[in-house]
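# Test case, fold it:
(chains A and B)
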Amino acid sequence: MAGSASMSVAVGARAAPPATRDAPAVRWTLTAIALAFLALFLVLPLVVVFAEAFREGIGAYLASFDDPDALAAISLTLLTAAVAVPLNVAFGICAAWAITKFKFPGRPLLVTLIDLPFAVSPVVAGLIFVLVFGLQGWLGPWLVARDIRVIFAVPGIVLATLFITFPFVARELIPLMEEQGTEEEQAAMTLGARGWTIFRRVTLPNIRWALLYGVILCNARAMGEFGAVSVVSGHIRGRTNTLPLHVEILYNEYSFVAAFATASLLAVLAIATLVLKSLVEYRIQRQVARASAGAAGREALP
Amino acid sequence: MKARRMILATVLGLTAGAGVAAAQTRTILNVSYDPTRELYKEFNEQFVRHWHQETGETVEIQMSHGGAGKQARAVIDGLEADVVTLALAYDIDAISEEAGLMPEDWQARLPNDSAPYTSTIVFLVRKGNPKDITDWDDLLAPGIEVITPNPKTSGGARWNYLAAWGFALQRELGGFEKLGDPAAAAEVGRAESKAREFVTALYRKVPVLDTGARGSTTTFVQRGIGDVLLAWENEAFLAVEELGPDKFEIVVPSVSILAQPPVTVIDKVADRRGTRDIAEGYLEYLYSPTGQRLAAKHFYRPYDRSSADPDDLGRFPALSLFTIDEVFGGWQKAQAEHFNDGGLFDSMYKP
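As a prediction, the model looks like this:
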């Protein structure tokens, strides 16, 4: 998802002239098919979520949140995102910085490893943590002896979420920082700036929109992750259920209004994410356009 | 540096937070299987009140529900269950064997093989029984889709499978007397291959295998997939009650299996957490008149019928039930032959 978004940004920046000479009828048909598909598979389910959530009126809708388990799920989800997102921002900036500003052995390996969570199924990601921290795993007995709980407790949920949302920030930053090159940092260095100052006054302002974009995607995934979290959660009510897990529980208990009401919270989050994402995308596009215009200008010089 | 300190502080904070919360009120975690949600919701409230009256202490009962096999696996991997109330003995055996969290003879510690309630497997069909399903044979009729969960992860699914197998055996042999008889070995062998054919044909009619019984129920009742749901009797009653008797009805087959969902304390966890007294009291209370009455109310057949409401008891149809010991020689054997990797189920179910 994130990869394709930044691809489109990059392609847009190198804008080629429109390449199709197809008849308008073909174009309209293709557009209509795409839109119909979108309506059927994206808009309709969203409408269903809200329709089901409000089926018994706004009172029943609000009542579904007046439940200690629901509130616990909401606060656990917020806590998880509050820990996972800042850590991944820190990691993402470090990784992108290292990868784009320096050449070092093992650089391609690092680039590949960052993508690992995209490649691995979330369920497998969860199982990895069970194998490492589980009672039958490598660290399990050691942790139990010290009365530390990782899986089937909050730390495990945070860890699994961290793993799943690992690539989002770095993936957004790397293409942009590659595009921008190191000239501005070198210029700052010749003017006597030190590492931290360069980062704060040169690099960070250049990447802030891409960073925000990464944070938004990272946050959405952190709050919405189901598979990996489900494996490490243990499903203890009021303790280790995040919002997506809570939706499943409610649905399985025939509490359909409450299930869809909770799902609608996640849907609202998704919509807010999309709106923010579009705004930020627009800003990045302008920024990349400026950067490549600048680069083109420099290359044109003899 | 700062980031590292932050990580450390967060992790420490989280674990410390969990520790403080546990010190305030004593809690026990009951790890249960899928269809017991409603039963334990009510039972827990009653137990908390009972425990408070008896001891003056306010305790908290936490619940976790899921497919029985999956839940047992989680306990083996460290989910800190003080008690487990699972769908079948084998899954609890696995906890004892693989993690050594309680003695192997756990099943002898409470009455009735540690099963405070029993159940059986029945069919749930759409109102009016449009496909005219009355017994196990009818499931194989052309054009019928059967919904049952995955025996690898769900306890209910294993009972379903064994009930179907038992029916086929009984049809071939006319009863179960010949099973242990060396003179009838050839006949039993033929009957077993017939049973295998029957169950194989049955699983060809299953469009989707959910991981737990409740998942299968929602597939059938909510998503409208399939013509018949093989279900726990309690699960079938509950679906009819929750979703309307105008939509579904229960069909009782001629013969089915006596399902004994057992309960036990996980000794090592309860001792480590200092909750053994609550855990034991909790399970004993299941056998008390209140526990038995609640079991019957939630469509489980109580172990002690005398304390249940006669109206509740009247809902359970009479049918001929065989036990797993009688037909399959116990759970260990049934599990090894049928459900373990490389067992019969693997060879017959190819999606």
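# Give me the number of neighbouring residues for residue B:58.
When neighbours are counted by other CB atoms under 10 Å in any protein chain shown, residue B:58 registers 11. Backbone N, C-alpha and C define where each C-beta goes, glycine included.
# again with residue A:248
18.
# The stretch 151-300 of chain A against chain B: which residues are in contact?
A:151-155, A:158, A:234-239, A:249, A:251-254, A:256 (CB under 8 Å from any CB of the partner chain).
# mind listing which of these are in helices?
A:154-155, A:158, A:249, A:251-252, A:256 (DSSP state H).
# Just the pLDDT at residue A:81, thanks.
Confidence at residue A:81, expressed as pLDDT, is 91.
# I figured it hits residue A:219, correct?
Yes - counting by CB atoms under 8 Å, residue A:219 is a contact partner of residue A:81 at 5.5 Å.
# top of the ones in helices among the residues of the stretch 151-300 of chain A next to chain B by neighbour count?
residue A:158 (25 neighbours).
# So it versus residue B:66, what's the distance?
Counting by CB to CB, to the nearest Å, the separation of residue A:158 from residue B:66 is 21 Å.
# close enough to count as contact, residue A:156 and residue A:231?
No - with contacts counted by CB under 8 Å, residue A:156 stays clear of residue A:231, the gap being 9.1 Å.
# Find the residues that touch each one of those two.
Taking CB atoms under 8 Å, 6 or more residues apart in numbering or on different chains as the contact rule, the neighbours common to residue A:156 and residue A:231 are residue A:129.
# still on that earlier bit, would you list the ones in helices among the residues of the stretch 151-300 of chain A next to chain B in TSV and tack on pLDDT and distance to residue B:42?
Formatted as TSV, these follow (pLDDT from 0 to 100; distance: CB to CB, whole Å):
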residue	pLDDT	distance to residue B:42
A:154	91	28
A:155	91	33
A:158	93	33
A:249	87	17
A:251	85	20
A:252	81	17
A:256	83	21
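# Would you point out the most distant pair within these?
Greatest spacing in these, by CB to CB: A:155 and A:256 (32.6 Å).
# Report the contact partners of residue 64.
Since no chain was named, I'll use chain A. For residue A:64, the contact set (CB under 8 Å, 6+ apart) comprises A:70, A:250, A:255, A:257-258, A:261-262.
# Switch to chain B, please.
A:234-237, B:29-32, B:71, B:74, B:79, B:81.
# Just give me the closest of those residues to residue B:88.
Residue B:88 has its nearest neighbour among the contacts of residue B:64 in residue B:71, at 11.4 Å by CB to CB.
# how about the residue nearest to that closest one when sequence neighbours are not counted, secondary structure?
Once flanking residues are discounted, residue B:71 sits nearest to residue B:31: 5.1 Å by CB to CB, 6 or more residues apart in numbering or on different chains. What DSSP: H, G, I helix; E, B strand; the rest coil gives for residue B:31 is strand.
# So residue B:31 is in contact with residue B:84, correct?
Yes - with contact defined as CB under 8 Å, residue B:31 and residue B:84 form a contacting pair (4.9 Å).
# Give me the common contacts of the two.
B:71, B:75.
# so where does the residue most central in space within chain A fall, helix or strand?
Nearest to the mean C-alpha position of chain A, by CA atoms, centre = their mean, lies residue A:218 at 2.5 Å. Counting by DSSP states H and E, the element that carries residue A:218 is helix A:204-224.
# Could you pull out the buried residues of that helix?
A:206-207, A:209-224 (16 or more other CB atoms under 10 Å in any protein chain shown).
# Enumerate the beta-bridge partners assigned to the nearest residue to residue B:106 once chain neighbours are set aside.
Nearest non-adjacent residue to residue B:106, counting by CB to CB, 6+ apart: residue B:264, 4.6 Å away. Taking DSSP bridges as the rule, residue B:264 bridges to residue B:84.
# Contact partners for residue B:264?
B:83-84, B:92, B:102, B:106-107, B:109-110, B:114, B:283.
# now, which of these sits nearest residue A:91?
Taking these together and measuring to residue A:91 by CB to CB, the closest member is residue B:84, at 38.7 Å.
# Check whether the closest one really touches residue B:263, as I assumed.
Yes - Residue B:84 is within contact range of residue B:263, at 7.0 Å (criterion: CB under 8 Å).
# So between these two, which is more surrounded?
Neighbour tally, residue B:84 and residue B:263, criterion other CB under 10 Å: the higher count belongs to residue B:84, 28 against 23.
# Name the residue of the stretch 251-351 of chain B that lies nearest to chain A.
Distances between the stretch 251-351 of chain B and chain A by CB to the nearest CB are smallest at residue B:272, namely 7.9 Å.
# How many residues are close by residue A:48?
So residue A:48, with other CB under 10 Å, has 12 neighbours.
# Over to residue B:305?
13.
# Now for it: which residues touch it?
Counted by CB under 8 Å, 6+ apart, residue B:305 has contacts B:292, B:296, B:313.
# hmm, try it at 10 Å
B:292, B:296, B:312-313, B:316 (CB atoms under 10 Å, 6 or more residues apart in numbering or on different chains).
# The residues you listed, buried ones only, as a ChimeraX selection?
Remark: buried members of these, expressed as a ChimeraX selection using 16+ other CB under 10 Å:
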select /B:292,296,312,316
